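> Sequence below, structure please.
(2 chains)
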2 protein chains.
Amino acid sequence: MSEEIKNEEVLEEVEETEETVQDTTEAPEKSELDLANERAEDFENKYLRAHAEMQNIQRRANEERQSLQRYRSQDLAKKIIPSLDNLERALAVEGLTEDVKKGIEMVQESLVQALKEEGIEEVPMENFDHNFHMAVQTLPADDEHPSDTIAQVFQKGYQLHERLLRPAMVVVYN
Amino acid sequence: MSEEIKNEEVLEEVEETEETVQDTTEAPEKSELDLANERAEDFENKYLRAHAEMQNIQRRANEERQSLQRYRSQDLAKKIIPSLDNLERALAVEGLTEDVKKGIEMVQESLVQALKEEGIEEVPMENFDHNFHMAVQTLPADDEHPSDTIAQVFQKGYQLHERLLRPAMVVVYN
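Numbers count the residues shown, from 1 in each chain, chains lettered A, B, ... in the order given. Here you go, the predicted model:
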């Protein structure tokens, strides 16, 4: 950030100097030496400007690379989340044999683990938070269920690092 | 590509010119004009060099961005593939009810679809190809099973665009 400010200052300086150069070129009767000096100054300014721009390009490219890396799994993760919903629904079916249940749980765990390793996790569920949750229904709050307590989760929510991929659909006391 | 070659030519030219400049600076008794001209030339070279470098940095950043985008799902995909294996094993279990089978197939299809949309697909299985397949066992080829025919697939292989994520484990006639 301070790098950017520095570069911008350089660019401003360069612009100011260039204006001065242009003013003086309008004056008549310049010596060969004046012209050579002006040419030197002109290229020095161009050089400083190109150098500053180069550093800005490099910095922006680094920032962009980091962001691409951090959120690279976003699209695939979003498309995989419905499979997790389906697995949960499959586990809720009555009369599963122990083998089948274990098999489905294994798939579920390996998917959750794969997503976790890439930074994708369920959103926090302590209290209602409009940043993470969508209230699809409300219930009247009482002494046992204070306002903003989550009563029921219809569908889990997921985030990639601090970025929300899908809000949790909840019933909340209000 | 031709852009890069152009820039490299500029850099070479600049270097040659700089050597000339350095040679002449060793000569004594230079006029103020000579020095100003040298300064101008020096900054012109520096400017040209910075400009060429800037273009190279920009080009490389673009290439890197494209590559990061193209292969962004690689790591998550690799970690999800074992879940597909588990789903296939689950489907192979005897005595699944129709409901359970449908449920598992739905999860399988949605995962395969999610991966496909991100460029991940099974490797081609027409004939044995060491770029895609790993032979874990061989069988003697005969008239009905010519050499390089795949006899059996132990584990599916997957690729992301043209990049192999995991080879298929196969039995091949040889």
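> Can you mark which positions in the longest helix seen in chain A are buried?
Taking DSSP state H as the criterion, chain A has its longest helix at helix A:32-70. Neighbour-count burial for helix A:32-70 flags A:36-58, A:61 (criterion: 16 or more other C-beta atoms under 10 Å in any protein chain shown). Every residue, glycine included, has its C-beta placed from N, CA and C.
> mind checking which helix or strand A:Leu165 is in?
Assigned by DSSP states H and E, A:Leu165 belongs to strand A:163-166.
> Tell me the strands beside the helix or strand that that strand is followed by, with direction?
On the C-terminal side of strand A:163-166, the closest following helix or strand by DSSP H and E is strand A:168-173. Counting by DSSP bridges, the strands paired with strand A:168-173 are strand A:133-139 (parallel), strand A:150-155 (antiparallel).
> Distance to B:Glu88 and mean neighbour count for the ones you listed - can I get that in a markdown table?
Output for the strands paired with strand A:168-173, formatted as a markdown table (distance: least, C-beta to C-beta, whole Å; neighbours: other C-beta atoms under 10 Å in any protein chain shown):
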| stretch | distance to B:Glu88 | mean neighbour count |
| --- | --- | --- |
| strand A:133-139 | 35 | 15 |
| strand A:150-155 | 27 | 14 |
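> Next, format those strands as a markdown table and append mean pLDDT.
Formatted as a markdown table, the strands paired with strand A:168-173 follow (pLDDT from 0 to 100):
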| stretch | mean pLDDT |
| --- | --- |
| strand A:133-139 | 96 |
| strand A:150-155 | 95 |
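> Quick check: closest non-adjacent residue to A:Leu165.
The spatially closest residue to A:Leu165, leaving aside those adjacent along the chain, is A:Tyr158, at 4.6 Å (C-beta to C-beta, 6 or more residues apart in numbering or on different chains).
> who's in contact with stretch A:75-91?
A:101, A:104-105, A:107-108, A:111-112, A:115, A:118, A:120, A:155-156, A:158, A:160, A:165-166, B:72-73, B:76-77, B:80, B:100, B:103-104, B:106-107, B:110-111, B:113-115, B:117-118 (C-beta atoms under 8 Å, 6 or more residues apart in numbering or on different chains).
> Quick one: buried ones out of those residues?
A:104, A:107-108, A:111-112, A:115, A:118, A:120, A:155-156, A:158, A:160, A:165-166, B:72-73, B:76-77, B:80, B:100, B:103-104, B:106-107, B:110-111, B:114-115, B:118.
> ok, then the element right after the helix or strand that contains A:Leu84?
Per DSSP H and E: A:Leu84 is located in helix A:74-92. Next in sequence after helix A:74-92, counting helices and strands by DSSP H and E, comes helix A:98-117.
> mind checking which of the strands paired with strand A:168-173 is nearest B:Ala135?
Across the strands paired with strand A:168-173, B:Ala135 has its closest neighbour in strand A:150-155 (45.0 Å, C-beta to C-beta).
> Name the residues that touch that closest one?
A:85, A:125, A:127-128, A:133, A:136, A:139, A:145, A:166, A:168-173.
> tell me the SS of the residue of chain A most remote from its centre?
Using C-alpha atoms, centre = their mean, the residue of chain A lying farthest from its centre is A:Glu29. It sits 58.5 Å away. Per DSSP: H, G, I helix; E, B strand; the rest coil, the local secondary structure of A:Glu29 is coil.
> Low-confidence bits of chain A, can you list those?
Where chain A drops to pLDDT under 70, the residues are A:1-28.
> can we see that at 80?
Flagging of chain A using pLDDT under 80 yields the residue ranges A:1-29.
> Can you report how many residues lie near A:Ala90?
Residues lying near A:Ala90 (other C-beta atoms under 10 Å in any protein chain shown) number 24.
> ok, now the one 5 residues further on?
A:Gly95: 8 surrounding residues under other C-beta under 10 Å.
> That one contacts B:Leu96, correct?
No. Look at A:Gly95 against B:Leu96 with C-beta atoms under 8 Å: they stay out of range, at 11.6 Å.
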